[in-house]
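# quick one: sequence plus predicted model below, questions after.
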Amino acid sequence: MQFAECEPGITLLNTMLAESEHGWGRIAMITGPPGSDKHRVLHAFTDSAVKSGATHLSATCLRNEQNISLGVIHQVSQSLSAALGEVPPALQLLQEAVFNAGPRGIRPEDLNWIGVTHGLWEIITNHARDGAVLITTEDVQYADPVSLDILLHFINRLHAANVFMVFTVNEGPNGVPLRIQSDLMHHPQCRRIKVSPYSSSTISWIAQTHLGIEPDDPLVAEIHRLSGGNALLVRSLIEDQQNAGGDGTGLVVHDGFSGSVSTLLHRIGSTPLRILRAAAVLDASASPTLLAEMLHIKQPTVVRTLEWLAEIGLLGTDGFRHPAAREAVLDSTEPDALRELYGRAAQLLHATGIQPTVIADHLLAASTMSEPWALDVLREAADQALATDEYELAVRYLRHAADLCSGDDERVMVTLALTKATWRINPSTATTYTPMLMRAARDGRLTGRDLHWLLTCVLWHGQYDEAEELFALLERAEQDEGQEGEESAAWRLAADHWVASTHPPVLHRLRGTYRPSPLREGSERHPAHSYARTIAALAATLREGETEAALKTAEKVLHSVQLEGCNIELVEAALSCFIYADRIQEASFLVENLFALAERRSSPTWLSVLAAFRAHIAEREGELLKAVEYGRLSLRTLPARSLGVLAALPLASLIEAHTEMGQYQEAEQYLRQPLPETVYQTRYGLHYLFARGHYRVAVGQLHAGLSDVLKCGTLMRSWEVDTPLLIPWRLGAAGVSVVLKNNARARKYLELHQALPHGHSPRIRGFALMVLASAEDVGRRPPLLRKAVDMLQDSGHKMELAHALARLSHSLAALGETDKARLIGQQADRVGQRCHAEPLRQSVASTFDDDFGMMTTGNDQNALSPAEYRVASMAALGYTNREIATRAHITISTVEQHLTRIYRKLGVNGRNDLPRLFSSKELGAANGNVFATEDSEHLPGPASVPL
């Protein structure tokens with residue numbers, strides 16, 4: 001099928017062929033831009049002409065054969081020889097001349113010009129007496145001059161010949177080439193046939209045929225938009241879609257389209273190609289004015305060429321129609337020429353005052369350009385990139401800026417900025433620049449703020465020799481007069497608190513003990529003072545327990561902080577205040593908000609650090625699956641090497657979580673992860689040691705586990721951070737001692753623990769009661785464990801609650817109180833199930849010989865409501881009506897009403913029958929009604945354990 005754009009031309013050509021058969025020689029010129037269907041029109045016509053008996057003599061002109069004299073006529077003569085079945089003398093002479101042509105080609109004086117031309121024409125016209133002769137020449141604009149002269153000779157003799165000559169020619173920005181226009185198109189016998197771009201309806205038909213889509217499918221409009229109707233581009237887009245095998249929901253632009261663009265670039269001519277390449281370099285900044293100045297071409301020529309490039313589908317109203325087209329143009333340009341274009345563009349754009357990032361992109365592409373203004377532009381562009389969280393781009397700008405630095409001070413400032421930007425992506429990579437910055441610090445080229453930041457960097461990687469040196473340099477900077485000295489004093493105080501709370505051995509080697517020096521007068525006016533105050537809050541929490549003042553300071557920071565490249569320890573300190581104060585639910589809320597911000601800002605370092613804290617908090621909450629999820633995310637976002645000593649924190653969470661879930665092989669896998677020895681000189685290392693000790697005890701390595709726990713204690717005492725809020729190592733040691741049958745040692749550790757201030761932490765108090773109970777005779781355990789459950793029930797620490805319930809169930813079972821033991825065990829199982837703590841659940845289930853599990857649920861009219869179930873469970877455990885009312889926050893009258901309905905639904909006489917029903921899961925009514933509705937929230941909560 002021929003398209004609407006082709007049919008009129010083919011019809012006209014057939015008419016002209018018929019006219020030529022009457023001895024009226026005709027000429028047709030098929031015109032159109034590169035990539036149009038000129039050749040489709042010509043080939044469709046020649047096929048039908050040959051079928052009707054016409055003799056077809058053809059030639060195709062190529063750009064790279066323009067200098068081959070008689071190349072086109074040679075093709076025509078070969079076609080003629082094939083049609084005749086012989087080689088007449090005139091053709092033989094012509095072919096010999098072509099064969100013997102030298103490098104300078106053939107000129108008319110080199111052969112019997114008139115004789116050859118007349119002889120060739122005579123052969124053609126003699127053959128035309130037996131039927132029409134069709135001579136076609138494709139892309140005649142590339143014909144060699146001698147051949148074109150001969151073709152013109154033929155044209156001037158067409159008036160009485162049965163010969164039809166058809167040419168195709170590309171139209172450029174200025175139309176058809178001048179000689180073709182004057183010598184061929186203006187001939188009286190010539191008719192012009194202009195081939196138009198594909199219309200939307202034509203593209204729709206092609207897409208329906210080849211892609212099987214509906215006429216109004218959005219793909220049709222998208223193909224039209226990207227191709228501008230250019231036939232070559234339309235076909236390539238269709239082919240890309242077919243090759244991709246997509247579902248038709250989006251247009252696929254691939255190699256076919258890019259290849260077709262490259263083909264067009266070879267057909268558009270030198271000036272349009274220069275303009276197109278410059279437009280590709282300038283991209284969104286391109287304008288006729290800039291292009292004209294950049295290429296030294298008159299602006300009207302540029303405007304006309306841009307309009308033409310839009311007509312042929314390479315450009316749109318806002319530049320390139322698709323990024324792939326621009327990439328194809330850039331790829332077609334020689335690297336040296338491309339760098340030169342980018343350099344020229346950078347100069348012009350700088351003169352226009354455009355935003356620095358645009359100029360910086362061109363400077364990067366220019367590579368070797370070193371204008372005096374380039375350094376400032378690159379630094380400003382890097383600042384803009386960081387402000388929009390484009391960290392990789394900022395690093396690229398700063399690396400190039402570093403290459404342009406001419407002085408030491410410039411190089412230090414740029415390298416410092418580069419290190420901070422790189423830190424947000426990968427702290428390990430940032431260490432590349434540490435040696436240079438250390439030299440700058442020794443030379444006094446860094447401010448107090450920069451010294452403090454570099455100190456936190458080397459601490460991050462456990463480079464303690466460098467840290468001690470930087471600490472000394474910061475103290476020296478504090479001695480400076482004026483504002484700089486005051487600011488350095490504030491940063492020194494911040495460093496004091498941070499090192500004391502996170503890397504204590506460094507401070508102990510420097511001073512022997514933690515005694516922060518007071519601020520110099522005036523230092524409190526500097527922003528660094530508020531920074532120091534936040535980190536001081538963490539130090540105070542670790543030494544004095546939680547204080548409302550510390551938490552208020554931390555909360556204020558976390559609600560206003562921006563996740564920059566140089567304040568990780570500030571955020572960590574504020575979060576840790578809530579974690580170590582056991583304000584775990586608040587910590588969880590705050591870290592979720594920060595993590596969402598980090599996701600929006602896409603900093604790998606921040607994502608990894610905050611994922612580590614989410615894992616740590618989730619593990620404390622008993623959300624073991626979340627702890628694993630975020631621990632893995634932390635180490636997947638940044639490898640342990642890049643996390644430095646902080647890597648111990650997500651590893652500790654993963655080890656703890658897998659251990660509690662009974663996944664010991666997975667826990668062991670993380671224990672094999674190599675860590676630097678300096679980890680054990682950090683607060684993070686304490687968490688790792690305690691987690692490793694927990695794992696070792698769980699797998700039966702009791703003495704090794706106890707050793708890890710005691711090592712925590714040794715370190716904490718020497719560091720003066722001996723608080724159970726950080727690591728309850730004495731309780732851990734007491735617990736292992738009980739398992740080792742050394743109750744005396746367990747009680748010693750418990751007494752030492754009780755002598756310590758540990759605030760009002762329900763987690764620590766509940767843990768202590770559990771360990772104390774385990775060291776007592778079984779008869780004395782239930783009251784202690786009930787207190788532990790009460791402590792933990794609203795603390796947010798589900799795993800500790802599950803352990804307390806499980807131990808209480810074991811104790812009651814050992815005392816023969818099977819019904820209560822089973823009910824408590826079911827509660828422990830329920831909490832353990834939520835935590836995915838399989839070892840705990842198995843230990844509870846193994847206490848009972850018969851079937852053990854949660855009670856069957858139902859939803860009929862006699863099932864207990866959630867409120868009724870809670871009241872029934874507390875009554876079964878021995879709560880009085882007043883105690884039930886207090887704990888359920890209802891009136892005594894409401895409790896009595898609930899109990900009346902409960903007795904009726906369950907078919908029992910009173911509360912004395914409830915423990916048997918709850919523990920045995922017997923049905924309370926003859927018709928088999930079950931205890932509760934399917935809403936799991938009704939299950940007895942921790943409040944249902946009486947004292």
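On my side now, so go ahead.
# contacting residues for the residue nearest in space to the middle of the chain?
In the chain, the centroid-proximal residue (Cα atoms, centre = their mean) is residue 602; its distance is 7.1 Å. When contacts are counted by Cβ atoms under 8 Å, 6 or more residues apart in numbering, residue 602 touches 389, 391. (Each C-beta comes from the backbone N, C-alpha and C, glycine too.)
# surely residue 56 is in a strand?
Yes. Counting by DSSP: H, G, I helix; E, B strand; the rest coil, residue 56 falls inside a strand.
# distance of the residue nearest to the centre of the chain relative to residue 389?
As defined by Cβ to Cβ, to the nearest Å, residue 602 lies at a distance of 6 Å from residue 389.
# just residue 831 next, same as before
The spacing between residue 831 and residue 389, counted by Cβ to Cβ, is 41 Å.
# how are the helices of the stretch 351-500 of the chain distributed by residue range?
With helices called from DSSP state H, counting those that start in this stretch, the stretch 351-500 of the chain shows them at 356-366, 374-387, 391-404, 408-423, 427-430, 434-442, 448-460, 464-477, 482-502.
# and the angle for the third one with helix 434-442?
To tie it back to what came earlier, the one meant is helix 391-404. For helix 391-404 against helix 434-442, the angle by axes from the mean of the first three to the mean of the last three Cα atoms, to 10 degrees is 60 degrees.
# now do the buried residues in helix 391-404.
Along helix 391-404, the positions that meet the burial threshold by neighbour count (16 or more other Cβ atoms under 10 Å) are 391, 393, 394, 395, 396, 397, 398, 399, 400, 401, 402, 404.
# I'd like to know how far the third one sits from residue 414.
Put plainly, it is residue 394. Looking at residue 394 against residue 414, where the rule is Cβ to Cβ, the gap reads 12 Å.
# hang on, isn't residue 807 packed against residue 770?
Yes. Contact status for residue 807 versus residue 770: in contact at 6.0 Å, counting by Cβ atoms under 8 Å.
# list residues touching both of the two?
Among the neighbours of residue 807, those also in contact with residue 770 (Cβ under 8 Å, 6+ apart) are 785, 788.
# report the buried residues of stretch 443-461.
Here stretch 443-461 shows 445-446, 448-461 as buried, counting by 16+ other Cβ under 10 Å.
# swap in stretch 763-779?
Residues 763-776 are the ones in stretch 763-779 that count as buried (16+ other Cβ under 10 Å).
# before we move on, what about stretch 320-336?
Taking 16+ other Cβ under 10 Å as the neighbour-count basis, stretch 320-336 is seen to contain the buried residues 320, 321, 322, 324, 325, 326, 328, 329, 330, 332, 333.
# hang on, the third one packs against residue 257?
Yes. Under the criterion of Cβ under 8 Å, residue 322 lies in contact with residue 257, with a separation of 7.3 Å.
# look up phi and psi at residue 133.
Main-chain dihedrals, residue 133, degrees, to the nearest 10: phi -110, psi 130.
# also residue 623?
Geometry field for residue 623 lists phi and psi as phi -90, psi 80, criterion degrees, to the nearest 10.
# and residue 728, how far from residue 716?
Separation of residue 728 from residue 716 (Cβ to Cβ): 10 Å.
# what separation is there between the residue nearest to the centre of the chain and residue 643?
Remark: distance between residue 602 and residue 643 (Cβ to Cβ) = 18 Å.
# which parts of the protein are strands?
In chain order, the chain shows strands spanning 26-32, 55-60, 133-138, 163-170, 190-194, 315-316, 319-320, with DSSP state E as the criterion.
# most packed of those strands?
With neighbours taken as mean count of other Cβ atoms under 10 Å, the strands of the chain reach their highest mean count in strand 163-170, at a mean of 26.
# just the angle between it and strand 133-138, please?
Computed by the same axes, to 10 degrees, the angle between strand 163-170 and strand 133-138 is 10 degrees.
# might you report the residue contacts of residue 635?
When contacts are counted by Cβ under 8 Å, 6+ apart, residue 635 touches 608, 643, 647, 650, 651, 654.
# hmm, I typed the wrong one, I wanted residue 179.
Contacts for residue 179 were tallied using Cβ under 8 Å, 6+ apart; they are residue 148.
# what about the closest residue to residue 275 other than its chain neighbours, neighbour count?
By the measure of Cβ to Cβ, 6 or more residues apart in numbering, the closest residue to residue 275 outside its immediate chain neighbours is residue 305, 5.0 Å from it. Look at residue 305: counted by other Cβ atoms under 10 Å, it has 26 neighbours.
# residue 305 contacts residue 278, correct?
No. At 10.6 Å, residue 305 and residue 278 do not qualify as touching, with contact defined as Cβ under 8 Å.
# any stretches of the protein with poor pLDDT?
Judged by pLDDT under 70, the chain has its weakly predicted residues at 1-3, 97-113, 246-249, 481, 513-526, 546, 565, 758-759, 849-863, 916-947.
# for residue 424, see how far away the closest residue to residue 360 other than its chain neighbours is.
Sequence neighbours aside, residue 381 is the residue nearest to residue 360 in space, at 3.5 Å (criterion: Cβ to Cβ, 6+ apart). Relative to residue 424, residue 381 is positioned 16 Å away (Cβ to Cβ).
# one step back: so for residue 728 and residue 716, which sits in the more crowded spot?
For residue 728 versus residue 716, the count of surrounding residues by other Cβ under 10 Å is larger for residue 728: 25 against 21.
# grab the nearest non-local neighbour of residue 461.
For residue 461, ignoring the flanking residues on the chain, the nearest one in space by Cβ to Cβ, 6+ apart is residue 644 at 4.5 Å.
# what about the one you found, how many neighbours?
In terms of burial, residue 644 registers 25 neighbours under the definition other Cβ under 10 Å.
# repeat for the one 5 residues further on
Residue 649 has 26 neighbouring residues, counting by other Cβ under 10 Å.
# who's in contact with it?
Residues 612, 613, 615, 616, 684, 687, 688 are the ones in contact with residue 649 under the rule Cβ under 8 Å, 6+ apart.
# likewise residue 356?
Going by Cβ under 8 Å, 6+ apart, residue 356 touches 377, 378, 380, 381, 384.
# list the buried residues of stretch 352-362.
Within stretch 352-362, the residues that count as buried by 16+ other Cβ under 10 Å are 356, 357, 358, 359, 360, 361, 362.
# brain fart, stretch 623-639
In stretch 623-639, counting by 16+ other Cβ under 10 Å, buried: 623-624, 626-635, 637-638.
# adding distance to residue 882, write these out as CSV.
Supplementary listing: the buried residues of stretch 623-639 in CSV, determined by distance: Cβ to Cβ, whole Å:
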residue, distance to residue 882
623, 35
624, 37
626, 39
627, 40
628, 44
629, 44
630, 44
631, 46
632, 49
633, 49
634, 49
635, 52
637, 53
638, 56
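# show me where the stretch 151-300 of the chain has helices.
With DSSP H, counting those that start in this stretch as the criterion, the stretch 151-300 of the chain has helices spanning 178-179, 200-211, 218-227, 231-244, 255-265, 270-282, 288-295, 299-311.
# on that earlier part again, which one of residue 831 and residue 389 is surrounded by more residues?
Neighbour totals were compared for residue 831 and residue 389, and residue 831 leads with 26 against 16 (other Cβ under 10 Å).
# name the nearest residue to that one, sequence neighbours excluded.
Distances taken as Cβ to Cβ, 6+ apart place residue 802 nearest to residue 831, at 4.0 Å, with adjacent residues excluded.
# contacts only, for that neighbour.
By Cβ under 8 Å, 6+ apart, the contact set of residue 802 is 622, 828, 831, 832, 835, 837, 840.
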